[in-house]
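**Q** Provide a 3D model corresponding to the input given below.
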Amino acid sequence: MFLRYFSQKEEGMSLVEVVVGIAILSIALIPILNYFANSTRIVHQTGVRAQALNLAQAKMEELKTKSFNNLTGKTEKYGDISDYPNFKRVVDIQPNYDGNSDIKKVTVIVYWQNDNRDLTLETLITE
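**A** Below you'll find the predicted structure:
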């Protein structure tokens, strides 16, 4: 009976097999985890860019409602835009665009990340 007990094949895995399996899984998981980390960063950046675009479009629409002669440039510093303290907005108005006094070129630039990132919208407004 004693010999029979040791002659049977043991079921299960050895410690070496477990360690090798964990090493293989670790090597395979590193790129996958990197992918998820990068995806999260890209989603965040896209959301911030969408906020900047909304701020630029809102300012552009506001300017379109003003009379032609009351269009003026303006800079809103960081913290000046309510609910958006991390954004700065610059409005530039070029009168007499292309030599025509009835056309103004309006440029709205939204900055974020301490001026490291920006988004620009331009349009022409006529009298």
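**Q** can you pull the buried residues of stretch 88-106?
**A** K88, R89, V90, V91, Y97, I103, K104, V106 (16 or more other Cβ atoms under 10 Å). Bear in mind the C-beta positions are built from the backbone N, C-alpha and C, glycine included.
**Q** the strands in this protein, which residues?
**A** Here the chain has its strands, by DSSP state E, at 74-76, 87-94, 103-112, 117-126.
**Q** what's the last one packed up against?
**A** For strand 117-126, the contact count by 3 or more Cβ pairs under 8 Å, 6 or more residues apart in numbering; DSSP states H and E identifies helix 15-65, strand 103-112 as packing neighbours.
**Q** give me the residues contacting it.
**A** If you take Cβ atoms under 8 Å, 6 or more residues apart in numbering as the criterion, strand 117-126 is touched by 48-49, 52-53, 56-57, 60, 63-64, 68, 71, 97, 102-112.
**Q** also the second one?
**A** Strand 87-94 has contacts (Cβ under 8 Å, 6+ apart) with 51-52, 55-56, 59, 63, 71-78, 80-81, 104-112, 115.
**Q** of all the strands of the chain, which lies closest to G12?
**A** Across the strands of the chain, G12 has its closest neighbour in strand 117-126 (55.5 Å, Cβ to Cβ).
**Q** show me where pLDDT drops low in the chain?
**A** Applying pLDDT under 70 to the chain flags residues 1-10.
**Q** tell me which residue is most central in it.
**A** Nearest to the geometric centre of the chain sits Q45, at 1.5 Å (Cα atoms, centre = their mean).
**Q** give me phi/psi at D80?
**A** With angles defined as degrees, to the nearest 10, D80 sits at phi -80, psi -30.
**Q** the strands of the chain: which one's closest to A23?
**A** Between A23 and those, the shortest gap by Cβ to Cβ is with strand 117-126, which sits at 40.4 Å.
**Q** quick check: angle from that closest one to helix 15-65?
**A** When axes from the mean of the first three to the mean of the last three Cα atoms, to 10 degrees is applied, the directions of strand 117-126 and helix 15-65 differ by 20 degrees.
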